[in-house]
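Enquirer: For reference, the sequence and a predicted model appear below.
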Amino acid sequence: MSGKRDKGAGGGNPWVSPSGPEPDQTNEPTEQLPPSPWNLEVPPPPSPWGDPPDQASDQGPGPGQGPGAGQGRGRNRGRGGAPGPGGPSGPGGAPGPATETSSAWGEKVGPPSLRRPPAAKQGPRFPPILIPIGAGLVVVVLVAVALILLSGGDDKAGPNPAPSTQSTPAAPKSSYQPPPNALAVGFGVSLVPVEGWSLVTAETKGKQVATYAPNGEPRAFYWVRQKQNVTAQAYLLGIVEGETAEEVAQLGNVRNLPCPKDVLVECVAIDYTSTTKDKSGADVKVKGTVEAYRRKDNVVTALDFRTRTDFAQKAEADAATMKKSVIDSL
């Protein structure tokens, strides 16, 4: 053996394998750069509803997650290695539904629902105006009950009689027999004209007789007419107003008359004077009297007498005779 070593042989025992790598096979350590913040994984913003269900459960733990950390997918995943409040993962590492969140409403509060809550059922509403009306009805009922209790009631009293329907009474029967020349007025009433008085055929309401001067001018008339279901005074005033409508008249007061028969219930009269015109346009003084008699059957018979003042004495005497014939027939 020579003391020379082979080219490339190192020092030491050539029969022992060196413990370290060959000098030419050792890689020099490269300089390690600090991690860039732009290369770090940015977690999604926290959501009060928990992690969306479409994220896969195979994502690894986030940066900085310590060993032994849970596989939860809460908001704090990858921060300090503790599982987030989103809850533990489901079987096989899949995340479960979010049931509790850390929110402004307090800890461990269920997530708000996106659905609108169903409207509360409301009972039937009554108009406010019905309240006082109902209260008034209740008061009326209570008052009626109180009156019945105070009166003691009459259990033996029979049913209330049905209200009687008012009907017009029939004309009273009279024993009066008018003469053949009597003029029938109506409702059993007739007028017997005095000699010299003739029927005015142009008048259709009731019966009217008149007397005339030799020149054909009327000197007086006597008119008997009737109306039902009015008062004697109202009928009388209507006749006077019609007679003196276009005249200068002076009316007296309505006066009550003694009813000459039991069948009569209202007897009134009124006198008047007025100035009218004749055919030539000359002024004529007239006077008149209207009497009205109402029977029990509500038939009113009016006696309308009117005469010139220069013929009043003869006309008033004839009118009294004709009035008696009418009163006898009532």
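Expert: Okay, I see it.
Enquirer: Show the subsequent helix or strand relative to the helix or strand harbouring residue 223.
Expert: Per DSSP states H and E: residue 223 is located in strand 218-228. Using DSSP H and E, the next helix or strand after strand 218-228 towards the C-terminus is helix 232-243.
Enquirer: In that next one, which residues are buried?
Expert: 232, 233, 235, 236, 237, 239, 240, 243 (16 or more other C-beta atoms under 10 Å). From N, CA and C alone the C-beta is placed, and that goes for glycine too.
Enquirer: which helices and strands sit right next to it?
Expert: strand 264-277, strand 283-295, strand 299-308 (3 or more C-beta pairs under 8 Å, 6 or more residues apart in numbering; DSSP states H and E).
Enquirer: Tell me which helix or strand residue 136 sits in.
Expert: helix 130-151.
Enquirer: and if you look at residue 312?
Expert: Judged by DSSP H and E, residue 312 forms part of helix 312-329.
Enquirer: contacting residues around the residue nearest to residue 306 when sequence neighbours are not counted?
Expert: Nearest non-adjacent residue to residue 306, counting by C-beta to C-beta, 6 or more residues apart in numbering: residue 288, 3.9 Å away. If you count contacts by C-beta atoms under 8 Å, 6 or more residues apart in numbering, residue 288 has them with 243, 271, 272, 273, 274, 304, 305, 306, 307.
Enquirer: what's the most distant pair in those residues?
Expert: Using C-beta to C-beta, the pair of those lying farthest apart is 273 and 304, separated by 15.0 Å.
Enquirer: So which of the two has more stuff around it?
Expert: residue 304 (21 against 16; other C-beta atoms under 10 Å).
Enquirer: if I look at that one, how far off is residue 191?
Expert: Distance from residue 304 to residue 191, counting by C-beta to C-beta, to the nearest Å: 12 Å.
Enquirer: Ok, residue 199 next?
Expert: 9 Å.
Enquirer: picking that back up, now do the strand holding residue 223, average pLDDT.
Expert: Strand 218-228 shows an average pLDDT of 95 in the prediction.
Enquirer: which residues touch that strand?
Expert: For strand 218-228, the external contacting residues (C-beta under 8 Å, 6+ apart) are 168, 185-187, 189, 191, 193, 197, 200, 203, 205-213, 235, 239, 298-308, 311, 315, 318-319, 322, 326.
Enquirer: on that earlier part again, rebuild the helices and strands packed on helix 232-243 as JSON lines, extending it with mean pLDDT.
Expert: JSON lines is the format used below for the helices and strands packed on helix 232-243 (pLDDT from 0 to 100):
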{"stretch": "strand 264-277", "mean pLDDT": "95"}
{"stretch": "strand 283-295", "mean pLDDT": "95"}
{"stretch": "strand 299-308", "mean pLDDT": "96"}
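Enquirer: and those strands as TSV, adding distance to residue 34?
Expert: Output for the helices and strands packed on helix 232-243, formatted as TSV (distance: least, C-beta to C-beta, whole Å):
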stretch	distance to residue 34
strand 264-277	131
strand 283-295	131
strand 299-308	131
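Enquirer: just checking, which of those sits deepest inside the structure?
Expert: strand 299-308 (a mean of 22; mean count of other C-beta atoms under 10 Å).
Enquirer: tell me the domain ranges of the chain?
Expert: Split into domains by automatic domain parsing, the chain comes to 61-104, 183-329.
Enquirer: May I see these organised as CSV, with distance to residue 133 added?
Expert: Supplementary listing: the domains of the chain in CSV, determined by distance: least, C-beta to C-beta, whole Å:
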stretch, distance to residue 133
domain 61-104, 51
domain 183-329, 39
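Enquirer: Between these, which one is closest to residue 135.
Expert: domain 183-329 (43.8 Å).
Enquirer: circling back to that earlier point, just the buried residues of helix 232-243 now: which is nearest residue 141?
Expert: residue 233 (45.0 Å).
Enquirer: any idea how far the spatially closest residue to that closest one that is not a sequence neighbour lies from residue 246?
Expert: Excluding the flanking residues, the one nearest residue 233 by C-beta to C-beta, 6+ apart is residue 268, at 5.1 Å. Residue 268 is 25 Å from residue 246, where distance means C-beta to C-beta.
Enquirer: What strand or helix carries residue 45?
Expert: Since the elements are taken from DSSP H and E, residue 45 ends up inside neither a helix nor a strand.
Enquirer: For it, what are phi and psi?
Expert: Main-chain torsions, residue 45, degrees, to the nearest 10: phi -60, psi 150.
Enquirer: just to revisit the earlier point, between the domains of the chain, which one is nearest to residue 137?
Expert: With C-beta to C-beta, the closest approach to residue 137 among the domains of the chain belongs to domain 183-329: 38.4 Å.
Enquirer: and residue 318, what does it touch?
Expert: 194, 196, 197, 211, 220, 222.
Enquirer: from what I can see the third one touches residue 207, true?
Expert: No: with contact defined as C-beta atoms under 8 Å, residue 197 and residue 207 do not form a contacting pair (11.0 Å).
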